[in-house]
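In: coordinates only, no sequence provided:
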DNA sequence: ATGAAAGCGCTAACAA
DNA sequence: TTGTTAGCGCTTTCAT
C-alpha cells in the first residue's frame, strides 16, 4: 500500500501539501497540484479512508436504514441515494432491519454510533424518540424518507393530495361508485399513509357531493394478493358493484386488475383501476397511477444531508419537504359506461 | 463521545486491557472483563471504528457490488448478506453500478481501494481480469454470487441441472411439445446462464428421445413483458402449439401465464408453465418453479469471506460452490391433456 | 494477566 | 503558498 509520504517524496513536496492538493481543502498552486496528482496517479495512491477519517472526523459515508430491501420502493430509494453519494465520493452503508427488534436495537445502539457514518437516512421507518435523540446527541444529521418522523426533517409526498388527485381523475371520467382499497392500519412502517390516502379519497368524493360508502372501502396489505382478494370482494357483488377502484398502491391495483379479469370483467370497460407509485410493473399492466419518484427521493435526501454536512450552510429547517408526484394515465381508466 | 481511556479510568485498568476485554483478543481475567464491560455499558462507550481500523488494519466492513438493486434476485442476496454480517458485527457497504461504465470504474479504481472494506462480494457481475487483479493485489478476498468469474471463488446454482429438472418435471407429466423461453445472450450480467439453461433443457429432451424443435425456442429479456410476448408467439400458433413452457425465470413464466390467459387458454389444462427462481410473486400466480435461495446465497458468501478473513483458516479453494435448488410444484403444471 | 508506549496514515493548526 | 508537527483513538508488541 503506497502512502501519502511516498507521494510527497515523489512530488517533492510535504505530506500536508499532498493532502491539500488531493482533498481540495486549502490553497495549493496549480503547478504543484498537477505535480501531486501526477505522482499520485503514477503510484496508484488512494487515501486510506480510515486514517483520513480518524484525523479529520469526516467519514464520507452515510448510513441508510430500511425495513426491508426486497420491495420496489425501498430498493429504489436506496438506489437513488447510492448514485448520488457515489458522485460525491461518499459510501453508503446499508442496514436492513428484516430481523425485527433485536436487529433494530443492535443497529441503533451499536452500529450507527461507532463513528462510521456522517449522517443517516431512514426510509419508511417510524423512529422512536430515543433513537432520534441518540443520533442527534452525536450530532449526526438525519433525514427520513417516506413518512414524517417527530422532530426530524423528512421527505414525503402529500398523501392526501395524491389520493385526491387519483380520485378526481376517476370522478372526471364520470365515475360515482368509486371503491378504495387502503392499507391496514397496523402496517407500522407506513405511518399514517393508509389513513392519509383514505382521507384524500373521501375529500375528493365529498367535494363532488358524494358520500363515501362504507361498503366501498376495503383494506389490504399492500401486496398483489391482498389487492386481488379485496377487489374480488368488491367486484363480486352482483348488485351495485363499483365502476372504479382506487388502490393505495400499484401492487394492490394490479391485483385488482387480475381479480376483475378472473370475474370476467374487462378493464377499463367494466371497471377502471388506478394505483399509486408507478411501480416497475405498472406499464406492463397498462395501469394508470399517481407516480412518485423514489429514486429522486433518495437523491434529494442525499442532497439535503450533504448540504447539512458542508460547513456554514444551514438550511431552513422546514420539517417536511413535499416531494413531487404526477398523474400517469394508461389504459386501466376510462369513462364510466353509460 | 466517550473514549477508551475514560472507560479504562472508570474500570481502574489500562486502555490496553479495555481493548482486550472488549474485543476478545488477548487474555483478560473474567473478573476484569466484567468490570470493563460494566464500565463501558455505564458510559455508553462504543469503539470508534475508524481508530480501531487504523490501528488494527481490520475494517469490519465488506463491500457488496450489484449491477442493479431493484431486482428481486439482487436485493434478496444483499438482504441475506446483510443479515449475516450484522450478526458478526460487520457493516455492509453497497455499490450499485446502475450508472454504467463511469460508475463502475470509479467503484473499482477508487472506492474499493481506499481501505474501507475487508473483502468484497460481487453479485451477477462479470469482473474483468484487471478488476480481479487489483482486488487480489490488495489481498482482499472476493467471492462471486450468481455466475462464475475467472479465477474467483463463486457460488452458483448448477444452471444445467436446474433446467434439466424443470424439463424433466414437464416430461414426467407426459408433455412432449415443450417450449423454452430463454434469455438473450447479450445480457452480459448473466454470464452463460441463458445458454446453460438451454443446454439443460435440451439434455432432458434428448434423454427422453425428443429432438428439440427450433420453433419451440424463444428468447426474452427476463422480464414479465418479455415472457408475455414470447409466450404469445409460442401459443398463438393455431397448429401444434406447445403443451408446456419452461421459462428461464419466474418473471418470464408469469408473463407466459398471462399470455395464455389472454389467448383464452387455461393453465394448466391447456398449457403447463414452469419457471426458475421462486420469485416473491410465484406463489400468488400458482407458478411451479425451481426455487433458488438468494438470501441463502448471500449468507453463504459472507460465511466464506469471514472464514477467509479469520487467521489460519484457509479453506479449500474450490472455485465453484454449487448452491441448492428445489422443485416446487404449484398449480401451473399438470398432466398433458389426452 | 496486565501496563507502558509506540505507532496506524492522515489532517489541521501554526509557522514561515 | 508551503512545511512542521502534534494529534485523531485505538491496537499491539514488549515488558513485567
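Out: Arrived safely. Owing to the predicted nature of the structure, the values given are computational and were not obtained by experimental measurement.

In: can you give me the buried ones in stretch A:8-24?
Out: Residues A:8, A:10, A:11, A:13, A:17, A:18, A:19, A:20, A:21, A:22 are the ones in stretch A:8-24 that count as buried (16 or more other CB atoms under 10 Å in any protein chain shown). Quick note: C-beta positions are derived from backbone N, CA and C, even for glycine.

In: which of these sits closest to residue A:86?
Out: Among the buried residues of stretch A:8-24, residue A:22 lies closest to residue A:86 (CB to CB), at 18.3 Å.

In: number of nearby residues for residue A:137?
Out: Residues near residue A:137, counting by other CB atoms under 10 Å in any protein chain shown, number 11.

In: so what pLDDT did it get?
Out: Turning to residue A:137, the model gives it a pLDDT of 86.

In: and it, how far from chain B?
Out: Taking CB to the nearest CB, to the nearest Å as the measure, residue A:137 falls 10 Å from chain B.

In: and if you look at residue A:247?
Out: 15 Å.

In: how many neighbours does the closest residue to that residue other than its chain neighbours have?
Out: Using CB to CB, 6 or more residues apart in numbering or on different chains and skipping the chain neighbours, the partner closest in space to residue A:247 is residue A:253 (3.8 Å). The criterion is other CB under 10 Å. On that basis, residue A:253 has 31 neighbouring residues.

In: buried residues in the helix or strand containing residue A:253?
Out: Per DSSP states H and E: residue A:253 is located in helix A:250-262. When neighbours are counted by 16+ other CB under 10 Å, the buried residues of helix A:250-262 are found to be A:250, A:251, A:252, A:253, A:254, A:255, A:256, A:257, A:258, A:259, A:260.

In: show me the contact partners of that helix.
Out: For helix A:250-262, the external contacting residues (CB atoms under 8 Å, 6 or more residues apart in numbering or on different chains) are A:72, A:181, A:220, A:222-232, A:234-235, A:245, A:247, A:266-267, A:270-271, A:273-279, A:281-282, A:285, A:287, A:289, A:332, B:261.

In: can you give me the distance of the residue nearest to residue A:247 to chain B?
Out: Residue A:253 sits at a distance of 14 Å from chain B (criterion: CB to the nearest CB).

In: which among the buried residues of stretch A:8-24 gets closest to residue B:56?
Out: Within the set of the buried residues of stretch A:8-24, residue A:19 lies nearest residue B:56; the separation is 23.0 Å, counting by CB to CB.

In: residue contacts, the closest residue to the closest one other than its chain neighbours?
Out: If the residues on either side of it in the chain are set aside, residue A:19 comes closest to residue A:4, at 6.6 Å by CB to CB, 6+ apart. When contacts are counted by CB under 8 Å, 6+ apart, residue A:4 is found next to A:15, A:18, A:19, A:45, A:47.

In: those in helices, which ones?
Out: Among the contacts of residue A:4, the members falling in helices (DSSP state H) are A:15, A:18, A:19.

In: need the contact list for the first one.
Out: Pointing back at residue A:15 there. By CB under 8 Å, 6+ apart, the neighbours of residue A:15 are A:4, A:5, A:8.

In: flag the shaky bits of chain A, pLDDT-wise.
Out: A:185-192, A:312-318, A:338 (pLDDT under 70).

In: near DNA strand D, which residues of it are found?
Out: Residues of chain A lying near DNA strand D by CB under 7 Å from any atom of the strand: A:12-17, A:20, A:26-29, A:31-33, A:51, A:54-55.
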